[in-house]
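Q: Have a look at this fold, sequence not included:
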Ligand SMILES: O=c1nc[nH]c2c1ncn2[C@H]1C[C@H](O)[C@@H](COP(=O)(O)OP(=O)(O)OP(=O)(O)O)O1
Ligand SMILES: [Mg+2]
């Protein structure tokens, strides 16, 4: 296990992501700070062409202002029948950052497409930047299917539409702990931790 007695800043404005990251890091005895714990508020424009570029833009933006390692994640939903959309545009698919509108747009674009063709993938890329500019990149994916009607109240974003066959539930029907056993974000953090010792020294 990594010697992570130090702190890490989770650079996200998304409360749902923050809750998941804190839950995972706390269980590993790692102190995860949020943007609320620091004074510098900046606005990062996510104009990269890939998840990795966007995660790096966010991590870099904050790493310049704080003296501790910064973690940023860029994530999104890739729907096979929509050629991978919304992808990097997941947060602003219906225009602004509105989960209900984004979900409605996905459902309308998938109208008439049968269950077996509604396969999808949640992807997360994490970039951690140290103050000296060194960086670590980690990835995670989760396969599922897009329902026609949302189910469940937990989680955030597209969770009520994302059905996991093996569990017979959507992500929004799972507790945070349950989602964090299988999610793309949890797998990306596992990938991160596997590389962490070598990165940290
Ligand atoms: O586990 C998830 N469950 C449901 N939806 C999810 C998940 N993970 C990402 N998503 C969706 C939400 C958002 O529409 C987009 C991420 O966009 P993304 O730019 O990475 O995050 P964000 O703008 O909400 O926060 P921030 O950039 O401050 O980290 O994909
Ligand atoms: Mg964003």
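A: Right, received. Where do you want to start? Please read all numbers here as calculations on a predicted model, not as lab measurements. Ligands and ions are numbered 1, 2, ... in the order given.
Q: pLDDT on stretch 82-95, on average?
A: What stretch 82-95 shows for mean pLDDT is 97.
Q: Touching it from outside, list them.
A: 46, 48-51, 54, 74-79, 97, 101-102, 104-106, 109-110, 157-158 (Cβ atoms under 8 Å, 6 or more residues apart in numbering). (Each C-beta comes from the backbone N, C-alpha and C, glycine too.)
Q: Going through the residues you listed, which ones are buried?
A: By neighbour count, with 16 or more other Cβ atoms under 10 Å, these hold 46, 51, 54, 74-79, 102, 105-106, 110, 157-158 as buried.
Q: Which stretches in this structure count as helices?
A: For the chain, the helices defined by DSSP state H cover 15-27, 51-63, 99-109, 176-182, 184-200.
Q: which parts of stretch 16-25 are buried?
A: The neighbour-count check on stretch 16-25 (16+ other Cβ under 10 Å) flags 16-18, 20-25 as buried.
Q: and of the residues you listed, the nearest to residue 42?
A: Among those, residue 18 lies closest to residue 42 (Cβ to Cβ), at 16.6 Å.
Q: just checking, that closest one touches residue 24?
A: No: here residue 18 lies out of contact with residue 24, judged by Cβ atoms under 8 Å, at a distance of 11.0 Å.
Q: and the residue nearest the centre of the chain, what is it in contact with?
A: Closest residue to the average C-alpha location of the chain: residue 75 at 4.3 Å, with Cα atoms, centre = their mean. Shown in contact with residue 75 (Cβ under 8 Å, 6+ apart): 17, 51, 90, 122-125, 184-185.
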